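Asks: show me how the following folds:
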Amino acid sequence: MWKGHAIAALAAIVVAGMTLPAHAQVLDAVYRGTLVCAELPFSEVRLRGAIEVTIADGAVRYNHVVRLNRSVDHTVERGTGKIAARSIALQGEWQHGAHRYTASYSGTFVRRSAKLKGTQTWVEGGKTFTRACSGVVKRPLKAFLRKDASSAKR
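Replies: Numbers count the residues shown, from 1 in each chain. Below you'll find the predicted structure:
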């Protein structure tokens, strides 16, 4: 008889874990990955850039490495974001010399990662160019996350 109660209790725990709010599944952490954007008419090639998204206490901020050519010289796009359930939305901007753009990316978290898609709207030489971007950011396994609250704020 007690086995039946134990099985029922275990089933209730499993179901309760599956019905946790989706936002509880998104952990405060640093998510790292790569963002790839379409080629621009005034850049040499289509390049990949590192992206880092930090989620801490409901606040979201990100940095994305921007390069216009294969040179080592690069600058950083910065922005903020919002989390709603399992969704993430990022808004940012970048400027370097005469080059500038605004960016918007969004995605959905699945387990430890989020697939991002979005656009960058460039203003170059008095003309506006929009290019599509996509990528993935991923956090380390929970076992590798630091236990203290300050780790997500770095």
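Asks: bridged to residue 130, which residues?
Replies: residue 121 (DSSP bridges).
Asks: same question, residue 110
Replies: residue 113.
Asks: so how far is residue 90 from it?
Replies: Here the criterion is Cβ to Cβ, to the nearest Å. By it, residue 110 lies 17 Å from residue 90. Every C-beta, even on glycine, is put in place using the N, C-alpha and C of the backbone.
Asks: same question, residue 40
Replies: Residue 40 is 20 Å from residue 90, by Cβ to Cβ.
Asks: neighbour count for these two, which is higher?
Replies: Between residue 40 and residue 90, counted using other Cβ atoms under 10 Å, residue 90 has the larger neighbour count: 24 against 18.
Asks: just the element for the nearest residue to residue 90 once chain neighbours are set aside, please.
Replies: If the residues on either side of it in the chain are set aside, residue 90 comes closest to residue 81, at 4.0 Å by Cβ to Cβ, 6 or more residues apart in numbering. Element membership for residue 81, per DSSP states H and E: strand 75-84.
Asks: now that strand, how far from the centre of its chain.
Replies: Counting by Cα atoms, centre = their mean, to the nearest Å, strand 75-84 is centred 8 Å from the centre of its parent chain.
Asks: same check on stretch 104-115?
Replies: 6 Å.
Asks: can you pull the buried residues of the helix or strand harbouring residue 91?
Replies: According to DSSP H and E, residue 91 maps onto strand 87-96. Residues of strand 87-96 classed as buried: 88, 89, 90, 91, 92, 94 (neighbour count, 16 or more other Cβ atoms under 10 Å).
Asks: now for that strand, which elements pack on it?
Replies: For strand 87-96, the packing partners by 3 or more Cβ pairs under 8 Å, 6 or more residues apart in numbering; DSSP states H and E come out as strand 59-66, strand 75-84, strand 99-110, strand 113-124.
Asks: show me the shaky parts of this structure.
Replies: 1-26, 44-45, 70-73, 143-154 (pLDDT under 70).
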